[in-house]
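Enquirer: Sequence and predicted structure below; questions after.
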Amino acid sequence: MKCIFPALCLLACAVLMMPALSLAQNRSADADALYQEGLALYEQGQYEAASKLFAQTLSLRHQEQNADYQRGLRLYEQGDYRGAQEAFQRAIDSLGKATIAVAPAAAAQKTPEILPPSPAPGTATAEYTLDSGDVLSIKIWQNPDLDDNDVIVRPDGMVSFTLAGDLPAKGKTIRAFRQDLTEALKEFIRAPQVSVSIKSMGGKKIMVLGQVAHPGIFAVTGPQTVIEAVTMAGGFTDHAVSSSVVLVRGGFEKPHPQRLDLNRALKKGDLKDNVVLASNDIIYVPKRFIADLNYFLTQFMTPIVQGLYIRDQLEDF
C-alpha cells in the first residue's frame, strides 16, 4: 500500500528501526568492554580466560557487522542511499574491529608464533630460520649419489647427512646451514658445491609477505583465514592492492597461485575469497594488480625456496 504522507512514513520507519539501532549500540559497547577485559587478563598472563573473552568479542563483532549490513540493504531498498552508505560503512568498521580481536585471541592461545622476527624497516633481505619438522632438499654438484630430497630437521634440531653425520640445523638460516654442511663435506669432497632449499615447513606454518606491516612466517593452530593472517602480519600497508592478493598453495614443490579479492570481503561483506589456510600456504599482498600469475610465480618462488624474502626483487609486484 502506497503511503500518502511521506513524512509519516519516514517517521514510522525511524521508529521501527530504533530498537535495532539500540541493540547494535549495546552489542558494540559489550564487545568493547569484553575486549578491554580480555586485554587486561592477557597482560596478567591469564591466557585461557583472555582467550574466552576474545572469542566472545569476535562473535559480537560479527553479529554487529551482519546487523549493519542488513540494515544498509533495507535502507537502500527504501531509497535512503545516504543512510544505506553509512550503515555499510559501519559494517566495514565492524569487520575491521573483528580482525583486530583475532590477533590477541590467537596470542592468548599461544599462537601465532612468528618465525623469524620481522625484518626491520628498510631491510632488503630477511631469511627463514630452520625449525623441527622442516624438510630440506640437498644437492651436491657432480655428486648425484649424495643428493637427498627428504632431509628432515629432527625434534632435537639436528640433521643427518651422508658423510657429514649429524649437524645442528634448528635456528640456523639456510645459508648458515649450507656453509656448515659445506665445511663438513670438505674432508671428503674437494671444493664441494652445496645447494639447500626448503621442500616443506614443519608443523602448520604460513607465510605472509608483500605489502603488510610485518611480513614473515607464522606458526598457527586451528583454522585461520586469509584476512586473519593478514591481521597477524600487522594489516595492509597504504600501498597494498587488496583486490589482487595471491595465495600460493601446493607447497614449495608444486606451487599453484590463485588470486583473491579481499576488497570484496572488506567492503562488501562477500567472504568467498576469505579462505581457510592450509599448512605451507603463502600469502603475497602486491602493490599493483598482478595480471600474469604464472610469470609472478616464476619470479617469486626462486628466492623463497632458498629461504630468502628479497623485498627489493619483489617491489615490481
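Expert: Now that the structure is in, tell me what you want to look at.
Enquirer: Domain parsing of this structure, as residue ranges.
Expert: Domain segmentation of the chain under automatic domain parsing yields 6-109, 114-125+203-314, 132-200.
Enquirer: Mean neighbour count and mean pLDDT for these - can I get that in CSV?
Expert: To be clear about C-beta, it is placed using only N, CA and C from the backbone, and glycine gets the same treatment. Listed next are the domains of the chain as CSV, based on neighbours: other CB atoms under 10 Å; pLDDT from 0 to 100:
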stretch, mean neighbour count, mean pLDDT
domain 6-109, 16, 62
domain 114-125+203-314, 17, 81
domain 132-200, 16, 93
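Enquirer: those strands in the protein, which residues are they?
Expert: Counting by DSSP state E, the chain has strands at residues 113-115, 125-127, 135-140, 148-152, 158-161, 165-168, 194-200, 205-210, 216-219, 245-249, 256-260, 282-285, 308-310.
Enquirer: T298 is nearest to which of those?
Expert: Evaluated over the strands of the chain, closeness to T298 peaks at strand 256-260, with 10.3 Å, by CB to CB.
Enquirer: For the closest residue to P257 other than its chain neighbours, give its distance to L262.
Expert: In space, and not counting its chain neighbours, P257 is closest to L293: 4.4 Å by CB to CB, 6 or more residues apart in numbering. Distance check for L293 against L262: by CB to CB, to the nearest Å, it reads 16 Å.
Enquirer: again with M207
Expert: As judged by CB to CB, M207 and L262 stand 16 Å apart.
Enquirer: Over to D238?
Expert: 15 Å.
Enquirer: any idea where the helices of the stretch 151-300 of the chain begin and end?
Expert: For the stretch 151-300 of the chain, applying DSSP state H, counting those that start in this stretch gives helices covering 174-185, 226-232, 262-268, 293-305.
Enquirer: Out of those, which gets nearest to S137?
Expert: Per CB to CB, nearest to S137 of the helices of the stretch 151-300 of the chain: helix 293-305, 8.3 Å.
Enquirer: tell me the angle of that closest one relative to strand 194-200?
Expert: 120 degrees (axes from the mean of the first three to the mean of the last three CA atoms, to 10 degrees).
Enquirer: CA atoms only: put helix 293-305 into PDB for me.
Expert: What follows is helix 293-305, C-alpha atoms only, in PDB (Å, rounded to 0.1, in the frame of the first residue of the first chain):
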ATOM      1  CA  LEU A 293      50.100 -15.200 -12.200                       C
ATOM      2  CA  ASN A 294      52.400 -17.800 -13.800                       C
ATOM      3  CA  TYR A 295      55.100 -15.200 -14.500                       C
ATOM      4  CA  PHE A 296      54.800 -13.900 -11.000                       C
ATOM      5  CA  LEU A 297      55.200 -17.400  -9.600                       C
ATOM      6  CA  THR A 298      58.500 -18.000 -11.500                       C
ATOM      7  CA  GLN A 299      60.000 -14.800 -10.100                       C
ATOM      8  CA  PHE A 300      58.500 -15.200  -6.700                       C
ATOM      9  CA  MET A 301      59.300 -18.800  -5.700                       C
ATOM     10  CA  THR A 302      63.100 -18.900  -6.600                       C
ATOM     11  CA  PRO A 303      64.200 -16.800  -3.600                       C
ATOM     12  CA  ILE A 304      61.500 -18.300  -1.300                       C
ATOM     13  CA  VAL A 305      62.700 -21.900  -1.700                       C
END
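Enquirer: Which neighbouring elements make contact with it?
Expert: Helix 293-305 is packed against strand 194-200, strand 245-249, strand 256-260, with contacts defined by 3 or more CB pairs under 8 Å, 6 or more residues apart in numbering; DSSP states H and E.
Enquirer: Let's see that with 10 Å instead.
Expert: strand 194-200, strand 205-210, strand 245-249, strand 256-260, strand 282-285, strand 308-310 (3 or more CB pairs under 10 Å, 6 or more residues apart in numbering; DSSP states H and E).
Enquirer: That helix to strand 245-249, inter-axis angle?
Expert: Using the same axes, to 10 degrees: helix 293-305 against strand 245-249 is 60 degrees.
Enquirer: residues in contact with stretch 235-244?
Expert: 96, 99-100, 103, 210-215, 227, 230, 245, 259-267, 273, 284-291, 293, 296, 317 (CB atoms under 10 Å, 6 or more residues apart in numbering).
Enquirer: Make sure Q36 is actually in contact with L53.
Expert: Yes. In this structure Q36 lies within contact range of L53 using CB atoms under 10 Å: 9.1 Å.
Enquirer: For the residue nearest to P257, give its distance to A229.
Expert: 19 Å.
Enquirer: now do T129
Expert: 19 Å.
Enquirer: Likewise for R82?
Expert: From R82 over to A229 the distance is 35 Å, taken as CB to CB.
Enquirer: repeat for A67
Expert: Going from A67 to A229 by CB to CB gives 26 Å.
Enquirer: cool, V305 as well?
Expert: When distance is defined by CB to CB, V305 is 20 Å away from A229.
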